[in-house]
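>>> sequence unknown, structure follows:
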């Protein structure tokens, strides 16, 4: 079935208004947050220039940001950091017509994501397209997010709010609408004003790396049972550890605000970049120490590693170049067998040693 035939069958009102975008499919294969080393990703996004602009807008939108904080409990610096990283404060909202981008991904994107993008395309048709005007397009990211804060259509439908309550939220032209909508979204995802973004920038602990990640977010009393004492913890707040490059870098303790932020964009590198920029806008400083020789494996290298792990009897899941829980578990088991600290981080050393074993 061709693209036009698919559109005609499923979204006939879009016939003649959307087109297949090959560049979108290419970008779908390789997302920056999954291929750049975390230090490069964070340094590219949390920059001194964005800190300066964020501090400027902290003054310029003082009234709006404080009203939003009073209503939703989301700090001005966090909202400004998201705005700065998503669109460079509205300067780079995206160049792809989002209707065509969503239609492309729904028709020919990665198979496991097509249902998701089909649903987003339906929200686009019902919620956004009526606002854009006949013969006009709303432009955004290759993945179909748009507006100052880069909302997907479903997110806009559920969390878009107008700052002045004068009609539908205009997250494309109204900065207050965009900021308030993002705050509404974060609050709905469980953000509390007195929770932490970053509880500690680097912790020393004997707690196993298998407890890392949002799936193991828990209150301090649970972490105490796991072997980590969290000083100054707040009752009810959930904390979680991340180690983006395992033993080659910091082990970072994040708080409840970071957990809500992860639901905004499910990339740990994104959470760290936003958290660092928010800290900078508030006048703080974070300097993570990374072993920059321990670069992440590329997708083809990961695919090879998964295949080698499977051949050696470890269940690494599908050999697709995507790190999931099965791959992390298999990596830790292999590291244990080789006498490497089991941090679950797949690096070149591990790949080389496993290939030697296989051969």
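Nice, I can see it. This one's a predicted model, so the numbers in the text were calculated from it and none came from an experiment.
>>> any idea how far residue 249 lies from residue 269?
Applying CB to CB, to the nearest Å, the value for residue 249 to residue 269 is 12 Å. C-beta: built from backbone N, CA, C; applies to glycine.
>>> Can you give the domain ranges for the protein?
3-35+88-188, 36-87+191-295, 299-358 (automatic domain parsing).
>>> Pull up the overlap in contacts between residue 249 and residue 269.
Here residue 249 and residue 269 have residue 38 as joint contacts, going by CB atoms under 8 Å, 6 or more residues apart in numbering.
>>> mind giving me TSV with the domains of the chain and columns for mean neighbour count?
Formatted as TSV, those follow (neighbours: other CB atoms under 10 Å):
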stretch	mean neighbour count
domain 3-35+88-188	18
domain 36-87+191-295	18
domain 299-358	17
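>>> will you turn these into a markdown table that also has mean pLDDT?
A markdown table is the format used below for the domains of the chain (pLDDT from 0 to 100):
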| stretch | mean pLDDT |
| --- | --- |
| domain 3-35+88-188 | 93 |
| domain 36-87+191-295 | 96 |
| domain 299-358 | 93 |
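>>> The protein: strands as residue ranges?
Using DSSP state E, the strands found in the chain span residues 96-97, 139-140, 198-200, 240-242, 252-254.
>>> Out of those strands, flag the one nearest residue 341.
Residue 341 lies closest, by CB to CB, to one member of the strands of the chain: strand 240-242, at 15.1 Å.
>>> For the closest one, enumerate its sheet partners and note whether each is parallel or antiparallel.
On the basis of DSSP bridges, the sheet neighbours of strand 240-242 come out as strand 252-254 (antiparallel).
>>> Run the chain-centre distance for the strand it pairs with.
The chain centroid and the centroid of strand 252-254 are separated by 16 Å under CA atoms, centre = their mean, to the nearest Å.
>>> which residues sit against it?
196-203, 228, 230, 239-244, 271-272, 275, 288.
>>> In helices, which of these fall?
Counted as lying in helices by DSSP state H, out of the contacts of strand 252-254, are 271-272, 275.
>>> Please produce CSV containing the residues you listed, extended by distance to residue 183.
Listed next are those as CSV, based on distance: CB to CB, whole Å:
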residue, distance to residue 183
271, 17
272, 21
275, 16
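>>> quick check, nearest of the residues you listed to residue 136?
residue 271 (34.4 Å).
>>> Quick check: the closest one touching residue 257?
No. With contact defined as CB atoms under 8 Å, residue 271 does not reach residue 257; the gap is 9.6 Å.
>>> separation between residue 54 and residue 83?
Distance, residue 54 to residue 83, using CB to CB: 8 Å.
>>> same thing with residue 140?
Taking CB to CB, one finds residue 140 at 15 Å from residue 83.
>>> Residue 23 now?
From residue 23 to residue 83 the distance is 25 Å (CB to CB).
>>> what do you get for residue 292?
Noted for residue 292: a distance of 29 Å to residue 83, by CB to CB.
>>> Then residue 296?
Counting by CB to CB, the gap from residue 296 to residue 83 is 28 Å.
>>> Please apply the same query to residue 156.
Using CB to CB, residue 156 is found at 16 Å from residue 83.
>>> Endpoints of stretch 220-234, how far apart?
8 Å (CA to CA, to the nearest Å).
>>> Which parts of the stretch 101-250 of the chain are helices?
Counting by DSSP state H, counting those that start in this stretch, the segments of the stretch 101-250 of the chain that form helices are 114-123, 129-132, 153-159, 175-188, 220-226.
>>> Adding distance to residue 301, write these out as CSV.
As requested, those are exported to CSV (distance: least, CB to CB, whole Å):
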stretch, distance to residue 301
helix 114-123, 27
helix 129-132, 41
helix 153-159, 34
helix 175-188, 35
helix 220-226, 32
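>>> so which of the ones you listed gets nearest residue 95?
If you check each of the helices of the stretch 101-250 of the chain against residue 95 by CB to CB, helix 129-132 wins as the nearest, at 15.6 Å.
>>> and the closest one, what does it pack onto?
Packed against helix 129-132 by the contact rule (3 or more CB pairs under 8 Å, 6 or more residues apart in numbering; DSSP states H and E) you find no helix or strand.
>>> And the contacts of that helix?
So helix 129-132 is in contact with 99, 138, 168, 170, going by CB under 8 Å, 6+ apart.
>>> Now with 10 Å, please.
13-14, 17, 97-99, 121, 123-124, 136-139, 146, 153, 156, 167-170, 172 (CB atoms under 10 Å, 6 or more residues apart in numbering).
>>> same thing with stretch 324-342?
Residues outside stretch 324-342 that contact it (CB under 10 Å, 6+ apart) are 208-210, 212-213, 215, 246-247, 302, 305-306, 308-310, 312-321, 323, 343-347, 349-350, 353-354, 357.
>>> Restricted to helices, list those.
Per DSSP H, those map to helices at 302, 305-306, 308-310, 349-350, 353-354, 357.
>>> can you tell me which two in those are farthest apart?
310 and 349 (19.3 Å).
>>> Spatially, which residue comes closest to residue 146, not counting chain neighbours?
residue 140 (3.0 Å; CB to CB, 6 or more residues apart in numbering).
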